[in-house]
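Trainee: the sequence and its predicted three-dimensional model are supplied below.
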Amino acid sequence: MSNQLQNTSSLSTAGTWNLLDVRNSSPVRTAELRPLPVSPWDIALCVTGTLISCENAIVIAILFYTPTLRAPMFILIGSLAFADLLAGLGLILNFVFIYMLNTEFVTLISVGLLIAAFSASVLNILAITVDRYLSLYNALTYHTERTVTFTYVMVVLIWLVCITLGLLPVLGWNCLRDEASCSICRPVTKNNAVVLAVTFLLVFALMMQLYLQICKIAFRHAQQIAVQHQFMAISTTKGVSTLSVILCTFAACWMPFAMYSIVADSSYPMIYTYATVLPATCNSVINPIIYAYRNPDIQKSLWLACCGCVPSNFSLRPRTSSDV
């Protein structure tokens, strides 16, 4: 992501390869022929992208080669994994483009891919939250064909919106011709960055509201089952704790970058931008652990793929999307 994170001054002073001074045809100094120095922050983002790609590629492979994992919940998990996979590949390609193929068009393609991928990641997390809420609120009608259709429509709409967002920089919504209007993520304009940040805050607020409703429904169900009251109380408390961890993790990863995008611009020190971008990308590292690898059905498929067997103490309890 660091190509769009570069300030104009750093690009112009560092340079990549200057060959000859046209005015006097004399060779330039050796120091001026040095390539752009590799930033440790860029290396960290590239390593993060590699880890993201590996984790989510495994999730996609498991879902693709396991015919039983076709419920709405797994459709959304697969969509999230694909978005995070694209985000990881985007970080790797962005690193390659910066130090090997640094052109305006490549910059726009790179930032467009990252915007589309990370936007899809955030919106798919929201979609999973909506799915969990509906599985509790409409428990009797959740496992119907209508739910599957609704899930596919939701996924298609998410990707249409995110692809549109990713195309905006290529279609002219960028600051390459007006450096003063750049945000902390060049070549995204300050106004566009603020819109994306505010949209994220709205998504987070909606997630908080949905999870609050999920907790209320869970507590109400626990109170209605008197025979299993103690068990349900423990189970509900554990579920609420898990929801709190999910929300806190999501906020800790994305909130610093969103808030900094609103208040800062391209004149701010780059170290602050990197320090907020890196945690945001780490959310895509955590997503497979939270939403995929904790799922017993995916765990079972992973055991079968790796070892050819399932541990004897493995839980075969049916899993629903409301489970957290």
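Mentor: Right, received. Where do you want to start?

Trainee: pLDDT weak spots in the stretch 1-150 of the chain?
Mentor: Within the stretch 1-150 of the chain, the ranges that satisfy pLDDT under 70 run 1-36.

Trainee: which residues of it fall in helices?
Mentor: In the stretch 1-150 of the chain, the helices defined using DSSP state H, counting those that start in this stretch lie at 8-14, 40-65, 72-100, 104-137, 145-167.

Trainee: of the ones you listed, which is nearest Ala205?
Mentor: helix 104-137 (10.7 Å; C-beta to C-beta). Using the backbone N, CA and C atoms, a C-beta is placed for each residue, glycine as well.

Trainee: got the angle between that closest one and helix 72-100?
Mentor: In terms of direction (axes from the mean of the first three to the mean of the last three C-alpha atoms, to 10 degrees), helix 104-137 departs from helix 72-100 by 160 degrees.

Trainee: what angle sits between helix 104-137 and helix 145-167?
Mentor: 160 degrees.

Trainee: by contact count, what packs against helix 104-137?
Mentor: Contacts defined by 3 or more C-beta pairs under 8 Å, 6 or more residues apart in numbering; DSSP states H and E place helix 104-137 against helix 72-100, helix 145-167, helix 190-224, helix 270-287.

Trainee: comparing those, which comes out most buried?
Mentor: helix 72-100 (a mean of 23; mean count of other C-beta atoms under 10 Å).

Trainee: which strands and helices lie in contact with that helix?
Mentor: helix 40-65, helix 104-137, helix 145-167, helix 270-287.

Trainee: of all the ones you listed, which one is nearest Ala71?
Mentor: Of all the helices and strands packed on helix 72-100, helix 145-167 comes closest under C-beta to C-beta, at 8.1 Å.

Trainee: what's the angle from the closest one to helix 190-224?
Mentor: Angle, helix 145-167 to helix 190-224, by the same axes, to 10 degrees: 160 degrees.

Trainee: for helix 145-167, which outside residues touch it?
Mentor: Outside helix 145-167, the residues that touch it by C-beta atoms under 8 Å, 6 or more residues apart in numbering are 72, 75-76, 79, 83, 112-113, 115-117, 119-120, 123-124, 127, 130-131, 134, 141, 196.

Trainee: at 7 Å instead, please
Mentor: 72, 75-76, 79, 112-113, 115-116, 119-120, 123-124, 127, 131 (C-beta atoms under 7 Å, 6 or more residues apart in numbering).

Trainee: sweet, I'm off.
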